[in-house]
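Undergrad: Everything below, folded, please.
(one chain, ligands or ions: 1)
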Amino acid sequence: MKIKRIAHLGIAVKDLDAPKKFYAENLGLKLKGEEVVETQKVKVSFIQVGESKLELLLPTSADSAVAKFLENKGEGFHHLALEVDDIHAAVEELKAAGVRLIDETPREGAHGALVAFLHPKATFGLLVELCQYPD
Ligand code: ZN
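TA: Model prediction:
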């Protein structure tokens, strides 16, 4: 598997406007799109930071995994996303190595990416998302 870069850091938030304003006005960063990811029941806002991004995650439903995260832990760091060149091969490689995954098959994420999450038990407590963007 080839990991190309840190694609983004996911941050769980209770509101998008205040953090967007903070990152834009106080840190001088640029907003890079916003969309609802139905499958994950979140609305996401991307903020560009060099070659990586911050992904603000706002739950759109009370039964969203991010809503449960906010309930238990409050706002803050949620996951690390690593861009890979071939997500299907990466997932197969991890499965063959016996690594515990949340997604055994890559699924659709924001920005037309394919994503697959590793289980935090396999990564020493970090929720890791692998993603591959369309060319
Ligand atoms: Zn993400």
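Undergrad: Please identify which helix or strand holds Asp15.
TA: Using DSSP states H and E, Asp15 sits in no helix or strand.
Undergrad: right, and it touches Leu58 too?
TA: Yes - with contacts counted by C-beta atoms under 8 Å, Asp15 reaches Leu58, the gap being 6.9 Å. (C-beta placed from N, C-alpha, C; glycine too.)
Undergrad: The two - which one has more neighbours?
TA: Leu58 (23 against 10; other C-beta atoms under 10 Å).
Undergrad: and that one, backbone torsions?
TA: Dihedral pair for Leu58: phi -110, psi 120, per degrees, to the nearest 10.
Undergrad: contacting residues around it?
TA: 13-16, 42-45, 66 (C-beta atoms under 8 Å, 6 or more residues apart in numbering).
Undergrad: Ala67 too?
TA: 41, 59, 61.
Undergrad: Residues of the protein that sit close to the ion?
TA: 10, 55, 81, 129 (C-beta under 5 Å from the ion).
Undergrad: Now the two most distant members of those.
TA: Glu55 and Glu129 (9.3 Å; C-beta to C-beta).
Undergrad: All the helices of the chain, in order from the start?
TA: For the chain, the helices defined by DSSP state H occupy 17-21, 65-73, 87-96.
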